[in-house]
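Novice: Below is the sequence, then the predicted model.
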Amino acid sequence: MNKFLKPGIFILSLIPFLIIISKIYFNQLGPEPVKEITHHTGEWTLIFICLTLAMSPLKRFTNLVFWIKFRRMLGLFVFFYATIHLITYVVIDYRLDWQQILNDVLKKKYIFIGFSAWLLLIPLAFTSSQKMAKLLRHNWKKLHRLIYIIAIFGSLHYIWLSKTIFFKPLIFMLIILVLLTLRIKIKKRETNYG
């Protein structure tokens with residue numbers, strides 16, 4: 001059964017992408033298509049951040065190691081959806097108008113922190129393989145702790161973007177804070193008993 005879990009989770013992780021592709025194809029994006037794509041990919045980036053952060057607590061609470069096997073793949077899906085989110089903004093919305101994009105990055109805090117989060121994802125994506133983990137050794141774990149900062153940046157990006165509707169962004173922030181707190185408690189226990 002375990003050999004089917006990874007491919008199954010991979011296929012499930014592609015569903016949000018296939019949904020947005022089908023909406024584009026069947027012209028079902030509504031009156032603001034760019035906004036629809038941007039929000040869809042942004043929300044799924046945050047969902048995958050939450051799923052990635054949930055793997056260690058799940059391992060701890062269930063005493064099942066297999067959760068960790070999915071963490072790398074889920075982390076790469078964070079990068080995948082975040083990159084589509086960014087491409088939508090840069091290519092479709094701003095049509096590669098670099099001057100305007102630079103102005104937005106420098107002047108709008110939600111764009112600055114969102115772009116910063118994406119930049120921090122790049123080294124994580126490029127060092128996600130087992131080969132890189134062996135090569136970097138202890139530094140690999142230190143580097144991949146950037147996901148904690150990325151998670152906070154991502155939720156702040158959503159909160160600052162939402163000028164009127166704060167409920168959903170705050171829920172994401174709350175989930176991320178709970179998951180980060182659980183990870184800190186797990187680390188402390190491992191240090192005390194290890």
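Specialist: Cool, got the structure. Because the structure is a prediction, the values reported are computed rather than measured.
Novice: contacts and neighbour counts: CA atoms only from here.
Specialist: Noted.
Novice: quick one, strands of the chain?
Specialist: In the chain, no strands are defined using DSSP state E.
Novice: Now for it, the helix or strand with the poorest mean pLDDT.
Specialist: Here the helix or strand of the chain ranked lowest by mean pLDDT, DSSP states H and E is helix 167-193, holding a mean of 78.
Novice: got the CA positions of stretch 73-80 in PDB?
Specialist: Only the C-alpha atoms of stretch 73-80 are listed here, as PDB (Å, rounded to 0.1, in the frame of the first residue of the first chain):
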ATOM      1  CA  MET A  73       7.200  16.400  -2.100                       C
ATOM      2  CA  LEU A  74       4.800  18.800  -0.400                       C
ATOM      3  CA  GLY A  75       7.600  21.300   0.000                       C
ATOM      4  CA  LEU A  76       8.200  21.200  -3.700                       C
ATOM      5  CA  PHE A  77       4.500  21.800  -4.300                       C
ATOM      6  CA  VAL A  78       4.800  24.900  -2.200                       C
ATOM      7  CA  PHE A  79       7.500  26.200  -4.600                       C
ATOM      8  CA  PHE A  80       5.400  25.100  -7.600                       C
END
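Novice: show me where pLDDT drops low in the chain?
Specialist: 1-2, 164-165, 185-194 (pLDDT under 70).
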